[in-house]
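> Generate coordinates for the sequence data below:
(one chain, ligands or ions: 2)
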Amino acid sequence: MSDRPTIPFVEVVPVGRVCGRIRPPGSKSLTNRALICAAFASGNSVLAGALKSEDTEVMIDAVRAIGVAVQIADGGSTLCVDTSARLVPKIGDQRTEMFIANSGTTIRFLTAALSAFGGHYRLHGVDRMHQRPIGDLVAAIDGVIEGHIETMSADGCPPVLIQSSSWRPGELSVAGSVSSQYLSGLMMAAPITTVSSRIQVVGELVSRPYVDMTAEVMRSFGADISIVDANDCVSVEIGSAGYRGIDYSIEPDASAASYFWAAAAITGGEVTVDGLTANAMQGDVGFVDVLEKMGCKIRSDKNSITVVGGKLVGIDVDMNLISDTVQTLSMVALFADGPTRVRGVAHNRFKETDRIGDLACELRKLGATVDEHDDGMTIHPPATPTPATLETYHDHRMAMSFSLAGLRIPGVKILDPACTSKTYPDYFADLERLIGHPHLWA
Ligand SMILES: O=C(O)C1=C[C@@H](OP(=O)(O)O)[C@@H](O)[C@H](O)C1
Ligand SMILES: C=C(OP(=O)(O)O)C(=O)O
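Ligands and ions are numbered 1, 2, ... in the order given. Modelled structure (predicted):
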């Protein structure tokens, strides 16, 4: 994005054991879900603990474009959503352009929500967004839309063009093997139509905890929703109750927390993340269970989770449910005894970058031997890791993960560190505060 600072690279200096406590900013996934529910609710909402980052800013801009007022307070962590001037768009209205940058949640949730709400829109983003699939979601909406929806890039990728007056009542089916965001988007769109809906998932459903999170947020905003698991098939039933505005409190981001927990793991330190517990709505708190299998000790308290580093061993792990933490884990695997096999994350190739191929490439620069598989990778740690200058591929999780390698290997340079703005603009400043040592900018 154009207003990111241009910083060529950052170097994180090894500091020995990382010990401390931290509260990461609000969850991206919860902030963007709460914004959708609040924007289409009757009545106003106040969202506390929200994330301020590129991914939430594009969502805020989009809901403002349909007349929803969003006031930002407390440095961005409080969002006051006022729906009293929300427009009533129609199929023949002039087209509204919405720039979504590279936010998967924003484009998938809005494609569904706006098609249910009605109006004429074009949703577009950066080049990578125009290579990220959305065709299965568009096909599902095509079955119920009163109007027209299409993708404008080859292979079913954005931009997405929507001309809709609403959805017809009826059953929807959607594929879930590429992204759970399609199903989450349809679930959140259904109450906007105020008719009952049933959504059937066809085939595998990846990243399942996000779907449970969607239902939980929707219920908080008054929706009537149940998820049915039967004979290995998932379907969702949504009643005709719409959303009502509420005061809603957002958990800190568990995917962001993974970097701080991993910092304890790889340095033999101790890091407490405040505001997250084993009962958090975000599946990514399960990352600590993976660290436990690798040899760390975990302490769950009433309002925090602590990781204490130990001697690390390589493991064989299916990360389908917590795929945003694969890059974090790969850094821990570099310092473990024995190889680590990561399975179940074929869908990681469709995210901000190819998070299997491109991650393998950077791990090799650090001296690891990496076998790439269709559904993941095997990481053989090097006897002695090598310093390297690492590409980040416009992927915030690459930059945040690579900082962990820098905590153990002198001379690791991370290119374009400001790409963390997508979900965590202050990541390097927060890491610096936690480790109590400056990193080097150049
Ligand atoms: O619904 C969500 O909030 C998310 C779902 C996941 O995507 P996939 O379902 O595509 O794995 C995850 O990677 C993303 O960061 C956030
Ligand atoms: C995959 C991610 O984001 P999104 O799909 O929302 O762009 C992520 O944050 O790691």
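> So, low pLDDT: which residues of the stretch 1-150 of the chain?
Where the stretch 1-150 of the chain drops to pLDDT under 70, the residues are 1-4.
> Can you show me the strands along it?
Counting by DSSP state E, counting those that start in this stretch, one finds strands in the stretch 1-150 of the chain at the ranges 9-11, 19-22, 41-42, 45-48, 69-73, 78-82, 96-99, 119-124, 145-153.
> most tightly surrounded among those?
Using mean count of other Cβ atoms under 10 Å, the stretch among the strands of the stretch 1-150 of the chain with the greatest mean number of neighbours is strand 119-124 (a mean of 22). The way it works is simple: take the backbone N, C-alpha and C, and place the C-beta from them, glycine included.
> which residues sit in contact with the residue in the chain positioned nearest to ligand 2?
Here the chain gets closest to ligand 2 at one residue, Gly104, 2.4 Å apart by Cβ to the nearest ligand atom. Taking Cβ atoms under 8 Å, 6 or more residues apart in numbering as the definition of contact, the neighbours of Gly104 are 132, 179, 181, 351.
> Spit out the contact partners of the third one.
What that stands for is Gln181. The neighbours of Gln181, taking Cβ under 8 Å, 6+ apart as the test, are 104-105, 108-109, 137, 210.
> Was I right to think Ser403 contacts Phe260?
No: the criterion here is Cβ atoms under 8 Å, and Ser403 misses it with Phe260 at 10.4 Å.
> which residues do the two both contact?
Leu431.
> picking that back up, could the strands of the stretch 1-150 of the chain go into TSV alongside distance to ligand 1?
Shown next, in TSV, are the strands of the stretch 1-150 of the chain (distance: least, Cβ to the nearest ligand atom, whole Å):
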stretch	distance to ligand 1
strand 9-11	23
strand 19-22	20
strand 41-42	19
strand 45-48	15
strand 69-73	19
strand 78-82	17
strand 96-99	18
strand 119-124	17
strand 145-153	17
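> closest one to Ala399 among these?
Set against Ala399 and scored by Cβ to Cβ, the strands of the stretch 1-150 of the chain come closest in strand 9-11, at 8.2 Å.
> So which elements touch the closest one?
Using 3 or more Cβ pairs under 8 Å, 6 or more residues apart in numbering; DSSP states H and E as the contact criterion, the neighbours of strand 9-11 among helices and strands are strand 413-415, strand 440-441.
> and the shortest one, what other elements does it pack with?
To tie it back to what came earlier, the one meant is strand 440-441. Short answer (3+ Cβ pairs under 8 Å, 6+ apart): strand 440-441 packs on strand 9-11.
> ok, now the longest one?
Using 3+ Cβ pairs under 8 Å, 6+ apart as the contact test, the elements touching strand 413-415 are strand 9-11, strand 389-390, helix 396-406.
> Mean neighbour count, these: which tops it?
Greatest burial across the helices and strands packed on strand 413-415, using mean count of other Cβ under 10 Å, falls to helix 396-406, with a mean of 27.
> which ones are touching Ile149?
So Ile149 contacts 111, 115, 138, 141-142, 160-164 (Cβ under 8 Å, 6+ apart).
> can you check Ile107 too?
Ile107 touches 100, 123, 125, 129, 134, 158, 160, counting by Cβ under 8 Å, 6+ apart.
> now it, nearest residue through space, not along the chain?
Once flanking residues are discounted, Ile107 sits nearest to Ile100: 4.5 Å by Cβ to Cβ, 6 or more residues apart in numbering.
> And that neighbour, its phi and psi?
The phi/psi pair for Ile100 (degrees, to the nearest 10) reads phi -110, psi 0.
> Would you quantify the distance from it to Met129?
Here Ile100 is placed at a distance of 6 Å from Met129 (Cβ to Cβ, to the nearest Å).
> try Leu334
Noted for Leu334: a distance of 30 Å to Met129, by Cβ to Cβ.
> and if you look at Val18?
34 Å.
> coming back round to it: columns distance to Asp371 on top of the helices and strands packed on strand 413-415, output as TSV?
Formatted as TSV, the helices and strands packed on strand 413-415 follow (distance: least, Cβ to Cβ, whole Å):
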stretch	distance to Asp371
strand 9-11	29
strand 389-390	20
helix 396-406	19
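> hang on, the earlier thing: among the contacts of Ile149, which one has the most neighbours?
Across those, neighbour numbers were computed from other Cβ atoms under 10 Å; Ser115 holds the maximum, 33 neighbours.
> Please determine how far that one is located from Leu172.
Here the criterion is Cβ to Cβ. By it, Ser115 lies 11 Å from Leu172.
> Now the common contact residues for those two.
Counting by Cβ under 8 Å, 6+ apart, the residues touching both Ser115 and Leu172 are Ile141.
> From the contacts of Ile149, list the ones also adjacent to ligand 2.
Intersecting the contacts of Ile149 with the surroundings of ligand 2, defined as Cβ under 6 Å from any ligand atom, gives nothing.
> Show me which of these is closest to Gln282.
If you rank those by distance to Gln282 using Cβ to Cβ, Thr111 comes first, at 23.0 Å.
> Apart from its neighbours in sequence, what residue is nearest the closest one?
Here the nearest residue to Thr111 in space, its sequence neighbours aside, is Val160; by Cβ to Cβ, 6+ apart that works out to 5.2 Å.
> Residues in a beta bridge with the one you found, which ones?
Leu123, Thr151 (DSSP bridges).
> what's the nearest residue to the residue of the chain positioned farthest from its centre if we skip its chain neighbours?
Here the centre of the chain is the reference, and by Cα atoms, centre = their mean the most remote residue is Gly92, at 33.9 Å. Spatial nearest neighbour of Gly92, excluding adjacent residues (Cβ to Cβ, 6+ apart): His120 at 7.3 Å.
> and that neighbour, how far is that from Cys157?
As judged by Cβ to Cβ, His120 and Cys157 stand 20 Å apart.
> okay but Leu434 is in contact with Glu270, surely?
No: under the contact definition of Cβ under 8 Å, Leu434 does not touch Glu270, with a separation of 11.4 Å.
> where do the helices sit along this protein?
Counting by DSSP state H, the chain has these helices, from start to end: 28-39, 54-64, 104-117, 135-142, 181-193, 209-220, 254-267, 287-294, 326-333, 357-365, 396-406, 427-435.
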